[in-house]
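Peer 1: Starting from these lines, generate the structure:
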Amino acid sequence: MEFNIVTESASAWSADAVIFFAFKDSEEHLSGFSSWMASDADWVAVSPALSDFSGELGSSTVIYGSGSSVQRVLLVGLGEEKEFGVDKFLQAVSGAFQRCRELKFRTVGVPLAAFEGIALEDKLEHFVVAAIEGLYSFDEFKSKKDEKKELPEAVRFLSEDEPPAHLAEMLAKGQAVGLGMGYARDLVNLPPNVATPVYLADEAKKMAKKFGFKFKVMKRKEIIDKGMGAYASVFRGSNDEPRMIILEYCPKDREGEKPLVLVGKGVTFDTGGISLKPTGFIEDMKCDMAGAAAILGFFQAIGEIKPDLPIVGILPCADNMPDANSTRPGEVVTSFSGKTIEILNTDAEGRLLLCDALAFSAQYEPAAIIDIATLTGGCIVAFGWNVAAVMDNSPLMQDLVMESGKRVGERFWPMPLWDIYKEELKSEVADLKNVGSREGMTIHAGMFLKEFVPEDTPWAHLDIAGPAWRKKKSPAGAAGGTGFGVRTLVELAERIDLEDM
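Peer 2: Alright, predicted model coming up:
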């Protein structure tokens, strides 16, 4: 889909439909809509469809007319103004573009005046991201392709006056972020016999070549030889080869500076290992690499955006399978840090990959670290499907994550990592157990990871188990992977000051 800004008089605007917005039960239309109707579209004001429109969030009404280069108006509901925010705007726009596809619109016009009266920053960026998300579909493995998949083909932002230069930058950023999210969604939605660790490594290598990132990959032998016993315990039962993927981005004038390090869980399929998951909990486990996918989607976006700070991505990838060689509950392994771990539940495997990757990150002398993972079902029990948990050793990191997420419509909420939770991880035979009790399981996972964070390094752990996967199609978008986390990481990369960490 092509996005561009067109400057011409309103009487010359042309598109299969133009989009305007309205709040629910508002006595007055938004100023941009009202002024356009008064000057160039009096046929809209007298249409019966206008009075039928409720303004409910996600609702849309097509208003037909004649005698104008604009033949249709798609009026989109924003819900109640007092409850309006970024998340509501994203949902409204996503739903609107799903409707545009249903109606087979090839070109959609969006007057910049349509945004007047919408009290949000970065409205154009949000619009573009939501439009891309609303049109997302995944039919790669269907013999009959969706004939409407590529519709609409073009979105024109219409203005009678020369728009400010920063709008073009915002449009470009929205496209980069939206495509990065779509890329992450594709990776999560691919079946596990395709999206193996080797496949992810090949994708990362292609991306590195395209954007000039540094790329390195560790294979099975090197992972084992380096002493990553926790990581190695996960892939012992697998026929698919593991890969530790490393991507490095650095602006030329920031070389030698301490980077932001991102660590992403890349379990390409999680059976639970010997601690086998039951039916109903295993079928969607191709999504257990959504943390790694989010980081790859992030790198896809920053390849275009080019933030002004050095960034390293570390993606420990493997699948977790039951086999005669699999790790057995009760085994003790030695991690990269030298700490020993008693593995009591092989389905708590994500923290075993991550703990070695976190310890390994010390060689980059990170200014700050963020890990992102679909780590615990307990996070879904606590927060539901739409909210992620943040745990940290730094109030500054917590604030950065929550504020960045809030600005882009991704919700995070903190969980405490108090010392009282350490008791749950004490082992009689090793330095740590990999699980505590069921009660507080998400916090116990965070406490476990905290033990492997390089000393005196600000760190945040993001458990995205709920919002990384959408069980069924909704007004927000298609079922499957959501790309959750990409936008927050991009926003955070533009807001963080590594010198203040």
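
Peer 1: What helices and strands are in contact with the lengthiest strand in the chain?
Peer 2: What stands out as the longest strand in the chain, according to DSSP state E, is strand 311-320. With contacts taken as 3 or more C-beta pairs under 8 Å, 6 or more residues apart in numbering; DSSP states H and E, strand 311-320 sits against helix 197-211, helix 229-235, strand 243-249, strand 260-264, strand 266-270, helix 290-305, helix 350-360. From N, CA and C alone the C-beta is placed, and that goes for glycine too.

Peer 1: now it against strand 243-249, angle please.
Peer 2: 170 degrees (axes from the mean of the first three to the mean of the last three C-alpha atoms, to 10 degrees).

Peer 1: mean confidence for strand 311-320?
Peer 2: For strand 311-320, the mean per-residue pLDDT is 98.

Peer 1: Residues contacting whichever helix or strand comes after that strand, please?
Peer 2: Using DSSP states H and E, the helix or strand that directly follows strand 311-320 along the chain is strand 331-334. Under the contact criterion C-beta atoms under 8 Å, 6 or more residues apart in numbering, strand 331-334 has outside partners 227, 229-230, 232-233, 327, 340-343, 352, 429-430.

Peer 1: What about those, which one has the most neighbours?
Peer 2: Ala230 (30 neighbours; other C-beta atoms under 10 Å).

Peer 1: Which of the three states applies to the closest residue to Gly65 other than its chain neighbours?
Peer 2: In space, and not counting its chain neighbours, Gly65 is closest to Trp43: 3.9 Å by C-beta to C-beta, 6 or more residues apart in numbering. Look at Trp43: counting by DSSP: H, G, I helix; E, B strand; the rest coil, its state is helix.

Peer 1: Neighbours of Trp43, how many?
Peer 2: 16.

Peer 1: now the one 10 residues further on
Peer 2: Summarising burial for Phe53: neighbours were counted as other C-beta under 10 Å, giving 19.

Peer 1: and the nearest residue to it once chain neighbours are set aside, what does it touch?
Peer 2: Once flanking residues are discounted, Phe53 sits nearest to Thr61: 4.4 Å by C-beta to C-beta, 6+ apart. Going by C-beta under 8 Å, 6+ apart, Thr61 touches Ala49, Leu50, Asp52, Phe53, Leu74, Leu75.

Peer 1: what's the helix or strand for Thr61?
Peer 2: Secondary structure (DSSP H and E) places Thr61 in strand 60-64.

Peer 1: ditto for Met402
Peer 2: Using DSSP H and E, Met402 falls in helix 395-408.

Peer 1: Give the buried residues for the helix or strand that that helix is followed by.
Peer 2: Sequence-wise, the next helix or strand downstream of helix 395-408 (DSSP H and E) is strand 411-414. Within strand 411-414, the residues scored as buried using 16 or more other C-beta atoms under 10 Å are Arg411, Phe412.

Peer 1: okay, and for the chain, where does confidence drop off?
Peer 2: Residue ranges of the chain with pLDDT under 70: 66-68.

Peer 1: Got the domain ranges for it?
Peer 2: 2-160, 177-500 (automatic domain parsing).

Peer 1: Let me know which of those domains is tucked in deepest.
Peer 2: Among these, ranked by average contacts under mean count of other C-beta atoms under 10 Å, first place goes to domain 177-500 (a mean of 21).

Peer 1: to the chain's geometric centre, what's the distance from that domain?
Peer 2: 13 Å (C-alpha atoms, centre = their mean, to the nearest Å).

Peer 1: Okay, now it: how far is its last residue from its first?
Peer 2: One end of domain 177-500 sits 26 Å from the other (C-alpha to C-alpha, to the nearest Å).

Peer 1: those strands in the stretch 1-150 of the chain, which residues are they?
Peer 2: 2-7, 17-22, 60-64, 72-77, 107-111 (DSSP state E, counting those that start in this stretch).

Peer 1: for the helices and strands packed on strand 311-320, which one sits closest to Leu30?
Peer 2: Leu30 lies closest, by C-beta to C-beta, to one member of the helices and strands packed on strand 311-320: helix 290-305, at 30.0 Å.

Peer 1: Could you dump the contacts of Thr61 into CSV and include distance to Ala176?
Peer 2: Putting the contacts of Thr61 into CSV (distance: C-beta to C-beta, whole Å) gives the following:
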residue, distance to Ala176
Ala49, 36
Leu50, 36
Asp52, 38
Phe53, 34
Leu74, 26
Leu75, 29
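
Peer 1: ok, back up a step: in the beta-sheet assignment, what are the partners of the residue nearest to Phe53?
Peer 2: Leu75 (DSSP bridges).

Peer 1: Compute the distance between it and Ser35, please.
Peer 2: Relative to Ser35, Thr61 is positioned 20 Å away (C-beta to C-beta, to the nearest Å).
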